[in-house]
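J.: no letters, just coordinates:
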């Protein structure tokens, strides 16, 4: 079993000095821009982690891990057009720095490059890997569509929301882990269990993101607090607040969300506190975490290997990676 | 060897009553709309044709053939956004009927579905098939980028144009043929030769399209004549006209292209005739056709099988398929 530090270094090596430039330059320059920005590289790290947990050879998973990261970045290029996001990792998005057409076509090309890496996988495990990759890619598209639908809908339930973030975020985290397990030639049962574990971790990860937007420390979170509140985004907190609210409190929430700027954030946060949203969210995250641990306990992963995973999950939930 | 008619029926069967609908409906309805419009289904037909030419079992190529067609339609969804095209096959484009976001995301999903079909290919030939598919998908994106670049450029050479249409159009036709040959377990040499044959046929096919826009019979061509002229599109004819023109004729071309409507089409056509563009284009198409035949003659395809191919090519060039 490799240490987190070793795996992080390995992921860094995989992406460092990788050159995506080619002709025509108009197509490949935005790809180089997108893929050299760094980011957490969480998905390839999880693939390597899972491969190592199941005693596999990291070389077997490297290409798929790179493919997963490039796929993730492709989705960001297209999501940023659809969501009209101007900034990503503190830098102008491709769609803003260039234009919509560039973000569409460079994104499409990144999708192909992702498949080129996955195709380099050992033929012994190629079909299994591709099936996970294809299914996941489709689900991520479905998740983005549900996310856009929610912006138009009046009644979104918490169940709908959990299903949306399962598709939009959790399945790719779960797939990264499953592909790592496949690469290590883990049993079908272990592959499924680590996938289910990944779903729970992915959901917890997204709820933590929602939580930190409201109750986080700006220095640790790395983004300004209250963005979701400012944009009336239907997060777990928002939906839970309306679920918990009686008629009078719903009116107060409506009034608060109709405000603008710092006063809006302050007012919404005080209503969230009044409605017990902080605790409710923490309880839900804790429950997801426990469910994840149950799946993990059923795998054949050696107990001593799990220590490194617990350490990593702790960092992940605290957002130190 | 199957007859063209048998292969066309087979392609029809492959696509008839295929249901792409799923949840969320907003994502899959445009896919159903796009894929149920028909069109020539030229690429899957070529895959089946090639498989049959090399004596293969059509079952081995069916999934890849479907994947190629879905990939082609995905590129149309995205191209129509980039080119702001309102109509496709006489129907509103997805981007017009719905919106840009829908065309982006439904397109992305079609790309995944294309890969899902290709992944169903017999594992014996999966890696070879995927490599052709990936490389081709990347080149088609490059071709679209060059096409957009040309709109901004002042000096586009005929060589640049031929390279652009090689990437944008010919490689997918060549790939369809090569994947058919791979499915029939043809030799590497035969696979490469049928690919090169496909490139020449693909280039000829595009030049024929350019030609028919100017000199075609509207009833046979199926689209109005002069569209490319109206939109000042840099076609082979346009570029050849400027290449052949002396200073005075260049002035005349500039003046003609500055006009509008029917008078513009009439004026440009008369200058094309004066500059010998009709003959020059026919000669170039003939040359491409001859080059294609040279590649074909070097394959191990039985002479009697080629008759069906000649018949088909004749229909293709005349645009009867």
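T.: That came through fine. This structure is a prediction, so every number in the text was calculated from the model and none was measured.
J.: neighbouring contacts of stretch A:207-227?
T.: By Cβ atoms under 8 Å, 6 or more residues apart in numbering or on different chains, the surrounding residues in contact with stretch A:207-227 are A:165, A:228-229, A:233, A:235-237, A:262, A:264-265, A:268-269, A:272, A:277-278, A:281-282, A:284-285, A:288, A:317-320. For glycine as for every other residue, the C-beta is placed from the backbone atoms N, C-alpha and C.
J.: give me the buried subset of these.
T.: Burial by neighbour count, 16 or more other Cβ atoms under 10 Å in any protein chain shown: within these this picks out A:165, A:228-229, A:235-237, A:264-265, A:268-269, A:272, A:277, A:281, A:284-285, A:288, A:319.
J.: which parts of the stretch 1-150 of chain A are helices?
T.: Taking DSSP state H, counting those that start in this stretch, the helices of the stretch 1-150 of chain A run over residues A:4-15, A:25-35, A:42-53, A:62-82, A:94-97, A:100-119, A:123-152.
J.: sorry, back to before: next step: the contacts of stretch A:207-227 restricted to helices.
T.: A:165, A:228-229, A:236-237, A:262, A:264-265, A:268-269, A:272, A:277-278, A:281-282, A:284-285, A:288, A:317 (DSSP state H).
J.: low pLDDT regions in the stretch 101-250 of chain A?
T.: Along the stretch 101-250 of chain A, segments meeting pLDDT under 70 span A:219-224.
J.: who in it is up against chain B?
T.: A:101, A:104-105, A:108-109, A:111-113, A:115-116, A:119, A:123, A:126-127, A:130-131, A:134, A:137-138, A:141-142, A:144-146, A:148-149 (Cβ under 8 Å from any Cβ of the partner chain).
J.: now list the buried members of those residues.
T.: So, of these, A:101, A:104-105, A:108-109, A:111-113, A:115-116, A:119, A:126, A:130, A:134, A:137-138, A:141-142, A:144-146, A:148-149 end up buried under the neighbour-count rule (16+ other Cβ under 10 Å).
J.: can you list the domain ranges for chain A.
T.: Annotated domains of chain A cover A:1-147, A:187-321 [automatic domain parsing].
J.: winner for burial among the ones you listed?
T.: Compared across the domains of chain A, domain A:1-147 shows the largest average neighbour count, a mean of 20 (mean count of other Cβ atoms under 10 Å in any protein chain shown).
J.: end-to-end on that one?
T.: End-to-end distance of domain A:1-147 (Cα to Cα, to the nearest Å): 38 Å.
J.: from residue B:100, how far off is the nearest residue to residue A:146 once chain neighbours are set aside?
T.: With Cβ to Cβ, 6 or more residues apart in numbering or on different chains as the criterion, residue A:146 has its nearest non-adjacent residue at 4.2 Å, and that residue is residue A:164. The spacing between residue A:164 and residue B:100, counted by Cβ to Cβ, to the nearest Å, is 21 Å.
J.: how near is residue A:218 to residue B:25?
T.: Distance of residue A:218 to residue B:25, computed by Cβ to Cβ: 40 Å.
J.: which residue is most remote from the mean position of chain A?
T.: For chain A, the residue at maximal distance from the C-alpha centroid (Cα atoms, centre = their mean) is residue A:248, at 35.7 Å.
J.: host element of that residue?
T.: Assigned by DSSP states H and E, residue A:248 belongs to helix A:247-257.
J.: and that helix, how far from the chain's centre?
T.: Distance of helix A:247-257 from the chain centroid (Cα atoms, centre = their mean, to the nearest Å) equals 31 Å.
J.: got a list of contacts for it?
T.: For helix A:247-257, the external contacting residues (Cβ under 8 Å, 6+ apart) are A:229, A:232, A:241-242, A:245, A:264, A:267-268, A:271, A:274-275.
J.: of the domains of chain A, which is nearest residue B:175?
T.: Ranking those by proximity to residue B:175 (Cβ to Cβ) places domain A:1-147 first, at 12.8 Å.
J.: gap between the closest one and the chain center?
T.: Domain A:1-147 has its C-alpha centroid displaced from the chain centroid by 12 Å (Cα atoms, centre = their mean).
J.: pull the contacting residues for residue A:30.
T.: By Cβ under 8 Å, 6+ apart, residue A:30 lies in contact with A:77, A:94, A:97-98, A:102-103, A:106.
J.: ok, now with 10 Å
T.: By Cβ atoms under 10 Å, 6 or more residues apart in numbering or on different chains, the contact list for residue A:30 reads A:20, A:77, A:93-95, A:97-99, A:102-103, A:105-107, A:109-110.
J.: nearest to chain B among the residues you listed?
T.: Ranked by distance to chain B (Cβ to the nearest Cβ), those are led by residue A:109 at 4.4 Å.
J.: circling back to that earlier point, in CSV, list the domains of chain A along with distance to residue B:39.
T.: Formatted as CSV, these follow (distance: least, Cβ to Cβ, whole Å):
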stretch, distance to residue B:39
domain A:1-147, 20
domain A:187-321, 38
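J.: burial measure for the closest residue to residue A:136 other than its chain neighbours, as a count.
T.: Counting by Cβ to Cβ, 6+ apart, residue A:136 lies nearest to residue A:175, which is 4.0 Å off, once chain neighbours are set aside. Residue A:175 has 29 neighbours, counted by other Cβ atoms under 10 Å in any protein chain shown.
J.: so residue A:175 touches residue A:130, yeah?
T.: No. If you go by Cβ atoms under 10 Å, residue A:175 and residue A:130 don't touch, sitting 11.3 Å apart.
J.: now do the shared contacts for those two.
T.: Common neighbours of residue A:175 and residue A:130 (Cβ under 10 Å, 6+ apart) are residue A:64.
J.: in the stretch 201-321 of chain A, what residue is nearest chain B?
T.: residue A:234 (15.7 Å).
J.: the residue minimising distance to the centre of chain A: what's it in contact with?
T.: Compute the mean C-alpha point of chain A, and by Cα atoms, centre = their mean the closest residue is residue A:169, 4.3 Å away. Shown in contact with residue A:169 (Cβ under 10 Å, 6+ apart): A:140, A:143, A:147, A:199, A:202-203, A:205-206, A:209.
J.: and for residue A:301?
T.: A:1, A:50, A:53-55, A:181, A:186, A:190, A:193-194, A:197, A:309.
J.: got a markdown table for those, with distance to residue A:37 too?
T.: Output for the contacts of residue A:301, formatted as a markdown table (distance: Cβ to Cβ, whole Å):
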| residue | distance to residue A:37 |
| --- | --- |
| A:1 | 30 |
| A:50 | 25 |
| A:53 | 28 |
| A:54 | 31 |
| A:55 | 33 |
| A:181 | 29 |
| A:186 | 32 |
| A:190 | 34 |
| A:193 | 34 |
| A:194 | 29 |
| A:197 | 29 |
| A:309 | 27 |
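J.: having no further points to raise, I will conclude here.
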